[in-house]
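A.B. asks: I'd like to go over a predicted model; first the sequence, then the structure.
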Amino acid sequence: MSETLLYEGKAKKVFTTDDGNVLLHRYKDDATAFDGQKRGSWKDKGKTNATMSAAIFAYLETHGVPTHFVEQVDDTSIKTKRLEMLPVEVIARNVAAGSLAKRLGYEEGTQLKAPIIELCYKDDDLGDPMLNWYHFRELGVSDEDLEFCEELGLKVNGILAPFFDERGIILVDFKIEVGRDENGNLMLGDEISPDTCRFWDKETGEKLDKDRFRRDMGGVEEAYAEMLRRVTEITQRGAVD
Ligand code: UDP
């Protein structure tokens, strides 16, 4: 198979494949936070991010969400459709945490009255600022695409919040990205993992996501392994039931 490295990011490498419309994403064990100022690495991070993303994309597809997912190739790699990504990060939130807790002056952990969607401009140099529709129009993103992003954020949240609840996890917030395939269809891209979501244990409140790394809390490797276990064990049992 002819693989050419297309892109290398903090946490993954993306390769072309023999099929011009299919990419291979290989997840690494490396992590960065705070615009690359903080670096780290832990065992099986790549495995968790690839395997959890694959399981969740497959689950979302069965619930009518179009995604770029094609197949999981091995522990750390998935194949996806090749997308032209929108320069938008869509954030969905159920509980105040991180930047929202700061913005609203809420204590972290405050339940929101209804889910909140935020649109951020995907630009590392600018620090991914939150923008409104007027700003995005200025940047050339259409209203139709923005509407798709907001609706997708709400739809994915409506499917995944109960999915994680059944697994003893509060889905606090998460970030998704959207792209367009070769036929012009918009769909969910990127990944869904403890790097891109906040997961709190329902019973203990324990954080089981990248905040353990961002905030030097320790137990990062164990938290990622626990999230992988909760998603895959029950998914497999569900498949047998
Ligand atoms: N997030 C992400 N990538 C980013 C920014 C945020 O995956 O570049 C995720 C983050 O993990 C969290 C949610 O989006 O689940 C909301 O993040 P927030 O705006 O609170 O920013 P943070 O506190 O992480 O800086």
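C.D. replies: Perfect, thanks for sending it.
A.B. asks: this protein against the ligand: which residues are in contact?
C.D. replies: Within the chain, the positions near the ligand by CB under 6 Å from any ligand atom are 91, 97-100, 128, 173-175, 196-198, 210. In short, each C-beta sits where N, CA and C put it, glycine included.
A.B. asks: burial check on Glu222, number of neighbours?
C.D. replies: 12 (other CB atoms under 10 Å).
A.B. asks: number the chain from 789, please
C.D. replies: That works, and once the first residue is 789, the last one we named lands at Glu1010.
A.B. asks: that one sits in which helix or strand?
C.D. replies: For Glu1010, the element it lies in under DSSP states H and E is helix 1008-1028.
A.B. asks: same question for Glu939.
C.D. replies: helix 931-953.
A.B. asks: residues contacting Asp823?
C.D. replies: 912, 915 (CB atoms under 8 Å, 6 or more residues apart in numbering).
A.B. asks: that's a helix at it, yeah?
C.D. replies: No. Counting by DSSP: H, G, I helix; E, B strand; the rest coil, Asp823 falls outside a helix, being coil.
A.B. asks: strands along this protein, start to end?
C.D. replies: Along the chain, the stretches classed as strands by DSSP state E are 793-796, 800-804, 810-815, 818-821, 826-829, 857-862, 865-869, 872-883, 899-909, 957-968, 974-976, 985-989.
A.B. asks: make TSV out of the ones you listed and add mean neighbour count and mean pLDDT.
C.D. replies: Formatted as TSV, those follow (neighbours: other CB atoms under 10 Å; pLDDT from 0 to 100):
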stretch	mean neighbour count	mean pLDDT
strand 793-796	12	97
strand 800-804	18	98
strand 810-815	21	98
strand 818-821	16	97
strand 826-829	14	97
strand 857-862	15	98
strand 865-869	22	98
strand 872-883	20	99
strand 899-909	15	99
strand 957-968	22	98
strand 974-976	21	99
strand 985-989	23	98
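A.B. asks: right, and the ones you listed - which one's nearest Thr836?
C.D. replies: strand 810-815 (8.3 Å; CB to CB).
A.B. asks: which residues touch the nearest residue in space to Phe1001 that is not next to it in sequence?
C.D. replies: Nearest non-adjacent residue to Phe1001, counting by CB to CB, 6 or more residues apart in numbering: Val1008, 4.9 Å away. When contacts are counted by CB under 8 Å, 6+ apart, Val1008 touches 828, 830, 998, 1000-1001.
A.B. asks: looking at the chain, what residue ends up closest to the ligand?
C.D. replies: Gly886 (2.3 Å; CB to the nearest ligand atom).
A.B. asks: is it true that that residue touches Lys963?
C.D. replies: No. Between Gly886 and Lys963 there is no contact under CB atoms under 8 Å: 10.5 Å.
A.B. asks: can you pull the contacts of the residue nearest the centre of the chain?
C.D. replies: Taking CA atoms, centre = their mean, the centroid of the chain lies closest to Ile980, which sits 3.0 Å from it. Contacts of Ile980 were listed using CB under 8 Å, 6+ apart, and they are 840-841, 844-845, 948, 962, 964.
A.B. asks: quick one, phi/psi of it?
C.D. replies: Here is the backbone geometry of Ile980 (degrees, to the nearest 10): phi -130, psi 110.
A.B. asks: do you know how far it is from Asp1004?
C.D. replies: 25 Å (CB to CB, to the nearest Å).
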